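Peer 1: Please find the sequence and the predicted model below.
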Amino acid sequence: MSLSQHQKLNKNHLQLIAIIAMTVDHIADLLYPNFQLTAPSCIMHIVGRLTAPIMFFFVCEGFFYTKNLKKYLIRMFLFAAISHFAYCFAFGINFLPFANGSFFNQTSVMWSLAWAVVALWVQYKSTFNKWIKALLLILICVITFPADWSSIAVMAIVFMYGHRGNLTLQMLWMEAWVFIYAVVSFFFVNKVYGIICLCAILVWPLLLLYNGQKGKANWMKWLFYIYYPAHLLIVGIIRFFVLGNIPLL
């Protein structure tokens, strides 16, 4: 299939957009803790909604192209473990899950992304019968429920991978699952955040520009693995010394 002349963004470009959007989102958390209803905070969090769907998309791509699934999984879970401590420190969350009595946002989205790779293997590569696959998928959803983006990240990725090659269906399924996350967030976390979550669909025009190429900067993959926990560490330091030891979420 020939590429359109308008498809000018490669993986490196989209990863950089995800990094910038994520940084803007977390700066908003610092400036306006607990999702304060102000125009600047809403705009910054809307920009931040670009990050997760770009991650979802490239987990699908990574699973499709990986030549060594075992190494890919080890890297993802190691990354998730490191990110857990960085995430909790950044937002003032107890390192021990559920210690604060909450079931939401107990660890980073990286936990859900790592398990999403397992879910993709179960659904699309394993030889289990459909009932075992369904039970394993439910179990993975339970395991990832307490993370940022919860089990919704897993389900969005599973459905997006099932329609790989058809961006329209990928985006519609992604937004359908995000809608569920938004509804739960609206009623149980924060009404403003719930509404803003729906803005994840704004990533669609950017992914339409994706040309399917990795880009020449191979170090970009490692930049994200390093940048994610590193910038959360910086957020945590600023939170502690500027705002005091208070949670941001």
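Peer 2: Received, thanks.
Peer 1: what residues are up against the residue nearest the centre of the chain?
Peer 2: Residue closest to the average C-alpha location in the chain (Cα atoms, centre = their mean): residue 52, at 3.5 Å. With contacts defined as Cβ atoms under 8 Å, 6 or more residues apart in numbering, residue 52 is in contact with 109, 149, 153, 200. Glycine gets a C-beta too; all of them are placed from N, C-alpha and C.
Peer 1: check which helix or strand covers it.
Peer 2: helix 51-65 (DSSP states H and E).
Peer 1: Residues contacting the next helix or strand along the chain from that helix, please?
Peer 2: Next along the chain after helix 51-65, taking DSSP H and E as the criterion, comes helix 69-91. Applying Cβ under 8 Å, 6+ apart, the contact partners of helix 69-91 are 26, 29, 62-63, 66, 93-95, 105, 107-108, 110-111, 113-114, 117-118, 121, 125, 148, 225, 228-230, 232-233, 235-236, 239, 247-249.
Peer 1: Narrow those residues to just the buried residues.
Peer 2: 26, 29, 62-63, 93, 105, 107-108, 110-111, 113-114, 117-118, 148, 225, 228-229, 232, 235-236, 239, 247-249 (16 or more other Cβ atoms under 10 Å).
Peer 1: Do you have the helices of the chain handy? List them.
Peer 2: 11-31, 39-48, 51-65, 69-91, 109-124, 130-144, 150-162, 167-188, 191-197, 204-208, 219-238 (DSSP state H).
Peer 1: Serialize those helices to TSV and add fields for distance to residue 99 and mean pLDDT.
Peer 2: Output for those, formatted as TSV (distance: least, Cβ to Cβ, whole Å; pLDDT from 0 to 100):
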stretch	distance to residue 99	mean pLDDT
helix 11-31	20	97
helix 39-48	26	97
helix 51-65	25	97
helix 69-91	10	97
helix 109-124	16	98
helix 130-144	18	98
helix 150-162	18	98
helix 167-188	19	96
helix 191-197	22	93
helix 204-208	38	97
helix 219-238	17	93
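Peer 1: Figure out which of the ones you listed is closest to residue 100.
Peer 2: helix 69-91 (10.3 Å; Cβ to Cβ).
Peer 1: buried ones in the closest one?
Peer 2: 72-73, 75-77, 79-80, 82-91.
Peer 1: Just the C-alpha atoms of that helix, please, in PDB.
Peer 2: Written as PDB, here are the backbone C-alpha positions of helix 69-91 (Å, rounded to 0.1, in the frame of the first residue of the first chain):
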ATOM      1  CA  LEU A  69       8.500 -11.700  22.800                       C
ATOM      2  CA  LYS A  70      10.200 -12.900  26.000                       C
ATOM      3  CA  LYS A  71      12.700 -10.000  25.900                       C
ATOM      4  CA  TYR A  72       9.900  -7.600  25.100                       C
ATOM      5  CA  LEU A  73       7.900  -8.700  28.100                       C
ATOM      6  CA  ILE A  74      10.900  -8.600  30.500                       C
ATOM      7  CA  ARG A  75      11.600  -5.100  29.400                       C
ATOM      8  CA  MET A  76       8.000  -4.000  29.800                       C
ATOM      9  CA  PHE A  77       7.600  -5.500  33.300                       C
ATOM     10  CA  LEU A  78      11.000  -4.200  34.500                       C
ATOM     11  CA  PHE A  79      10.000  -0.700  33.200                       C
ATOM     12  CA  ALA A  80       6.600  -1.100  35.000                       C
ATOM     13  CA  ALA A  81       8.300  -2.000  38.300                       C
ATOM     14  CA  ILE A  82      10.700   1.000  38.100                       C
ATOM     15  CA  SER A  83       7.800   3.300  37.000                       C
ATOM     16  CA  HIS A  84       5.700   2.200  40.000                       C
ATOM     17  CA  PHE A  85       8.000   3.900  42.500                       C
ATOM     18  CA  ALA A  86       8.500   6.900  40.300                       C
ATOM     19  CA  TYR A  87       4.800   7.300  39.800                       C
ATOM     20  CA  CYS A  88       3.900   7.000  43.500                       C
ATOM     21  CA  PHE A  89       6.600   9.400  44.500                       C
ATOM     22  CA  ALA A  90       5.500  12.000  41.900                       C
ATOM     23  CA  PHE A  91       1.900  12.000  42.900                       C
END
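Peer 1: Having no further points to raise, I will conclude here.
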